[in-house]
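Trainee: build me a structure from this.
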Amino acid sequence: MNKPLKKILYVEDEPDIRDIATLVLENVGDFEVCAVEGGQLALDIIDEFQPDMVLLDAMMPGMDGPTTFVEIRKMKGFQDIPIAFLTAKLMDSDIATFLDLGAIGVIAKPFDPMTLSDQVRELWDRA
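Mentor: Next up is the predicted model:
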């Protein structure tokens, strides 16, 4: 990407994981993070927050990650936003599905808090 990564919209239904990832991304990565617990909330806040990148969990109640991905892509101004999955769904077929949607990559859960920010930056730099 040409511009630096500053703002991340993080969508995760598990409160403990959401809190740890947010803490790490903000304090280690120095990112501004808006963390929400579901796909519909992400759609409701994305226009106001204007993230540079979106991190999505794949398995969430209600609107799952892939559905959220598709809905974000339909929104004006977000057709090309970099979106990555932060998920425990790591079978080859799952990863292929995420990449076929247009995801810039997949980060495995459980993640290493000390390297999460670097993994996010690597995906951003490759996008």
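
Trainee: contacts, neighbours, all on C-alpha from now
Mentor: Noted.

Trainee: secondary structure element holding residue 84?
Mentor: Of the helices and strands defined by DSSP states H and E, residue 84 is found in strand 83-87.

Trainee: that strand: how far from the chain's middle?
Mentor: Centre-to-centre, strand 83-87 and its host chain are 5 Å apart (Cα atoms, centre = their mean, to the nearest Å).

Trainee: is residue 72 in a helix, a strand, or coil?
Mentor: helix (DSSP: H, G, I helix; E, B strand; the rest coil).

Trainee: which one's the longest helix in this structure?
Mentor: Using DSSP state H to assign secondary structure, the helix with the most residues in the chain is helix 15-27.

Trainee: got a list of contacts for that helix?
Mentor: Contact partners of helix 15-27, identified using Cα atoms under 8 Å, 6 or more residues apart in numbering, comprise 10-12, 31-33, 35, 37, 113-114, 116-117.

Trainee: relative to residue 119, how far out is residue 40?
Mentor: Residue 40 is 26 Å from residue 119, where distance means Cα to Cα, to the nearest Å.

Trainee: I meant to write residue 72 there.
Mentor: When distances are taken as Cα to Cα, residue 72 and residue 119 turn out to be 22 Å apart.

Trainee: more neighbours: which of these two?
Mentor: The residue with more neighbours, out of residue 72 and residue 119, is residue 72; 23 against 16, by other Cα atoms under 10 Å.

Trainee: and the more buried one, what does it touch?
Mentor: Listed by Cα under 8 Å, 6+ apart, the contact set of residue 72 reads 43, 78-79.

Trainee: tell me which of the contacts of helix 15-27 fall in strands.
Mentor: When DSSP state E defines the strands, the subset of the contacts of helix 15-27 inside them is 10-11, 32-33, 35.
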